[in-house]
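1. Next comes the sequence, and after it the predicted model I'd like to discuss.
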Amino acid sequence: MSHFKTIIGQSPSLDSLIRSAKMVAATDVTVLLQGETGTGKEVFANAIQKASSRTDKAFITLNCAALPESLIQSELFGHKKGSFTGATASTKGLFQAADGGTLFLDEINSLPYSIQAKLLRFLESGECLAIGDVKPYYVDVRIIAATNTDLLKLVTTKEFRSDLYYRLNVVPLELPSLSQRSDDIEALISHFMNMMAVTHAIEAPKLSKLALKALKAYPWPGNIRELRNLCERLSILMAGNIIEPEHLPAEFINPIALKTEPLRLPERGIQLDSLEADFIHQALNRTKGNRSKTAKLLGLTRDTLIYRMQKHGFH
């Protein structure tokens, strides 16, 4: 499926995710994309749509955090003329606009509680009800939802309906953070630099080995979005030149990361298993037992961390 070739990278965590996404695309199941802000959830949603049987139909996006509660119901389901002050004409909602296609609900965690029941009703029966109407309408729309927070925690605090959570969570896909796929950073930089060169009609700059090392060592809290923005800035300011570490923003200059001297093996040797177990223990303490954050701190995928924890007898 060539639609997933637009997703740059070949790291194991990304490859595994793409394989799952391809299988999901071949079905019509509801998908929940989970991951930190900036990990490319909308790009994945778009690729799933393009690889599905709905490829030639509408793909409509709504950021659930972008609209106030008073407007989001009308935006999704539409309203009848005169149903509220300012409703001077009947208006169709996004569900009708997406009929036959896909509706991508980003930041689903921000969907108002009062609207969650209406979304659940649609997922269970395909039924929608415009504001001010008494007769429901039915549409054929696939839902792909995305969240950057733990929905299950919101369920426990009664901020998110448990029945909607389990209905959305049929096929959850976890997008890795950029720090979990550091092997892809060089390919992503090349992609963004070349894209900016075309967009701004300039010559793409090149990275020195030390500058690339600094970028690979950086934790990327803003993920791919942060990397893209940096590439655009550097492409404009350093067009046609060699980017050295001193050209990078201050937060990227980590003397330890740039140190060229490798770690030395002590003369007496080490117990590698004990060292690994100790580092995992320290990382777990630092993150208060959060496995995703621990994996990120150690530069591992979550599955690899769990495997190594089991190997060392961690619970």
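-> Structure received. Residues are numbered from 1 along each chain as shown.

2. D99: neighbour count?
-> 16 (other C-beta atoms under 10 Å). In this view, the C-beta of every residue, glycine as well, is placed from N, C-alpha and C.

3. Please look at it and D140 and confirm they touch.
-> Yes - at 6.1 Å, D99 counts as touching D140 under the criterion of C-beta atoms under 8 Å.

4. Next secondary structure after the helix or strand bottoming out on mean pLDDT in the chain?
-> Every helix and strand of the chain was ranked by mean pLDDT, DSSP states H and E. The lowest is helix 255-258, at a mean of 46. Using DSSP states H and E, the helix or strand that follows helix 255-258 in sequence is helix 272-286.

5. What lies in contact with the helix or strand just after that next one?
-> Per DSSP H and E, the first helix or strand lying C-terminal to helix 272-286 is helix 291-298. Residues outside helix 291-298 that contact it (C-beta atoms under 8 Å, 6 or more residues apart in numbering): 177, 179-180, 219, 279-280, 283-284, 286-287, 301-302, 304-306, 309.

6. Now do helix 291-298 and helix 272-286, the angle between them.
-> 120 degrees (axes from the mean of the first three to the mean of the last three C-alpha atoms, to 10 degrees).

7. Can you classify L33 by secondary structure?
-> Three-state assignment for L33 (DSSP: H, G, I helix; E, B strand; the rest coil): strand.

8. Can you get me a residue count around it?
-> Around L33 there are 27 residues (other C-beta under 10 Å).

9. which residues sit in contact with it?
-> Neighbours of L33 in contact, by C-beta under 8 Å, 6+ apart: K41, F44, A45, I144, A145, A146, T147, P172, L173, L175.

10. List buried residues within those.
-> For those, a neighbour count by 16 or more other C-beta atoms under 10 Å gives the buried set as K41, F44, A45, I144, A145, A146, T147, L173, L175.

11. Of the residues you listed, which belong to helices?
-> Within the buried ones among the contacts of L33, residues falling in helices by DSSP state H are K41, F44, A45.

12. mind listing what the second one touches?
-> Looking back up the chat, that one is F44. When contacts are taken as C-beta under 8 Å, 6+ apart, F44 is in contact with I7, L17, A21, L33, L173, L175.

13. Just the closest of those residues to M195, please.
-> I7 (14.2 Å; C-beta to C-beta).

14. mind listing what the closest one touches?
-> Residues near I7 by C-beta under 8 Å, 6+ apart: L14, I18, G40, V43, F44, A47.

15. before we move on, what about R121?
-> R121 makes contact with E127, according to C-beta under 8 Å, 6+ apart.

16. The nearest residue to L119 once chain neighbours are set aside and L154: what is the separation?
-> Spatial nearest neighbour of L119, excluding adjacent residues (C-beta to C-beta, 6 or more residues apart in numbering): L164 at 6.4 Å. Distance of L164 to L154, given as C-beta to C-beta, to the nearest Å: 10 Å.

17. Can you verify my assumption that K81 contacts A130?
-> No - with contacts counted by C-beta under 8 Å, K81 stays clear of A130, the gap being 10.4 Å.

18. who has more neighbours, those two?
-> When K81 and A130 are compared for neighbours, A130 comes out ahead with 23 against 10, by other C-beta under 10 Å.

19. burial of the residue nearest to the more buried one when sequence neighbours are not counted, as a residue count?
-> Closest residue in space to A130, ignoring its immediate chain neighbours: G78 at 4.1 Å, by C-beta to C-beta, 6+ apart. Residues near G78, counting by other C-beta under 10 Å, number 23.

20. who touches G78 in this structure?
-> Taking C-beta under 8 Å, 6+ apart, one finds S90, T91, K92, G93, F95, Q96, C128, A130, I131 in contact with G78.
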